[in-house]
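Visitor: attaching a predicted model along with its sequence, questions to come.
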Amino acid sequence: MTLEFSVLASGSTGNAFYIGTDQQKLLVDAGLSGKQMERLFADIQTNPEELDGILVTHEHRDHIHGLGIMARRYRLPIYANEKTWKAMEGKIGDIKLDQKFTFDLESTKVFGDLDVQTFGVSHDAAEPMFFVFHHNGKKVALVTDTGYVSERIKKTVEDADAYIFEANHDIEMLRMGRYPWNIKRRILGDEGHVSNEDSALALTDILGNRTKRVYLAHLSQDNNMKDLARMSVSQILKERGFEVGKTIELHDTDPKNPTPVYQVG
């Protein structure tokens, strides 16, 4: 019984995540065009016709751009909380009633042999929520789009086998960059995005004995770089006694290219 996943795309321009078991295959968000989404699935040699549903984290365009297209093309049910459904009105086109499902915040839903747990994050959306996936004793946590990592989030996601974890920006790059101050203030605020440093500090509180991989996600194209994010996070983790490169691997994600499918086990 395997649990596998791929970060199909991650960044300011579009986000999508695939997770699957022997019985269930789910897509989380579809923030790229339908054509791009199909290319991403082709790249990981997975047929989107085999998907069983789409989970939605929140209504921002970089998470729902291709949502309606994918749902209609492959007749997929969509799962989102009520406030997110309302916020998506007019953004994803017509969705048939029998494809609309409510998935409440702070709840767990069973999809075949995959249990999906939701938790709230601090982000400037209607009711943003992310997911922890449980299968056969394995645990994968998806945590991005949050201004800070609360103690409640840490408790929910602690000691997972793998994390897809936000490292959005380098604070100095953001401060010195070309963004207007109101955008900088939003990103740096409690409902914005987590910096490389804050990402690492949060990870030091939640990484457990079974944690093998951390994928650094949702990197800003203007205010971060893969090498910088990896170096910053790695340095802090090593200072706190974690054996990065030995017991724990750090992996990049990309806004246009998927990570290789990883089987948790």
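Guide: Perfect, thanks for sending it. Numbering: from 1, shown residues only.

Visitor: CA only for contacts and neighbour counts going forward, please
Guide: Fine.

Visitor: which is the next helix or strand following whichever strand or helix holds Leu201?
Guide: In the assignment (DSSP states H and E), Leu201 maps to helix 196-206. Sequence-wise, the next helix or strand downstream of helix 196-206 (DSSP H and E) is strand 213-217.

Visitor: distance between the helix holding Leu201 and the chain's centre?
Guide: 16 Å (C-alpha atoms, centre = their mean, to the nearest Å).

Visitor: now the helices for the stretch 151-265 of the chain?
Guide: Counting by DSSP state H, counting those that start in this stretch, the stretch 151-265 of the chain has helices at residues 151-157, 171-176, 181-188, 196-206, 226-239.

Visitor: re earlier: which parts of the helix holding Leu201 are buried?
Guide: Asn196, Glu197, Asp198, Ser199, Ala200, Leu201, Ala202, Leu203, Thr204, Ile206 (16 or more other C-alpha atoms under 10 Å).

Visitor: and for stretch 154-166?
Guide: Thr156, Val157, Glu158, Asp159, Ala160, Asp161, Ala162, Tyr163, Ile164, Phe165, Glu166.

Visitor: nearest to Leu55, of the residues you listed?
Guide: Ile164 (15.6 Å; C-alpha to C-alpha).

Visitor: and that closest one, what does it touch?
Guide: Val7, Val140, Ala141, Leu142, Val143, Thr144, Val214, Tyr215, Leu216, Ala217 (C-alpha atoms under 8 Å, 6 or more residues apart in numbering).

Visitor: can you select the buried ones from those residues in PyMOL?
Guide: Of the contacts of Ile164, the buried ones can be selected in PyMOL as follows, counting by 16+ other C-alpha under 10 Å:
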select buried, resi 7+140+141+142+143+144+214+215+216+217
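
Visitor: for His123, state which of the contacts of Ile164 is nearest.
Guide: Thr144 (9.5 Å).

Visitor: tell me, what residue is most central in the chain?
Guide: Central residue of the chain (C-alpha atoms, centre = their mean): Leu142, 4.5 Å from the mean position.

Visitor: hmm, who's touching the helix or strand that residue falls within?
Guide: Using DSSP H and E, Leu142 maps to strand 138-143. With contact meaning C-alpha under 8 Å, 6+ apart, strand 138-143 is reached by 3, 130-134, 157, 160-166, 264-265.

Visitor: go with 6 Å
Guide: Under the criterion C-alpha atoms under 6 Å, 6 or more residues apart in numbering, residues Phe131, Val132, Phe133, Val157, Ala160, Asp161, Ala162, Tyr163, Ile164, Phe165 lie in contact with strand 138-143.

Visitor: what is the burial count for the nearest residue to the first one once chain neighbours are set aside?
Guide: Pointing back at Phe131 there. Spatial nearest neighbour of Phe131, excluding adjacent residues (C-alpha to C-alpha, 6 or more residues apart in numbering): Thr118 at 4.7 Å. A count of nearby residues for Thr118, using other C-alpha atoms under 10 Å, gives 21.

Visitor: Val28: which of the buried residues of helix 196-206 is nearest?
Guide: Using C-alpha to C-alpha, the buried residues of helix 196-206 come closest to Val28 at Ser199, 21.2 Å.
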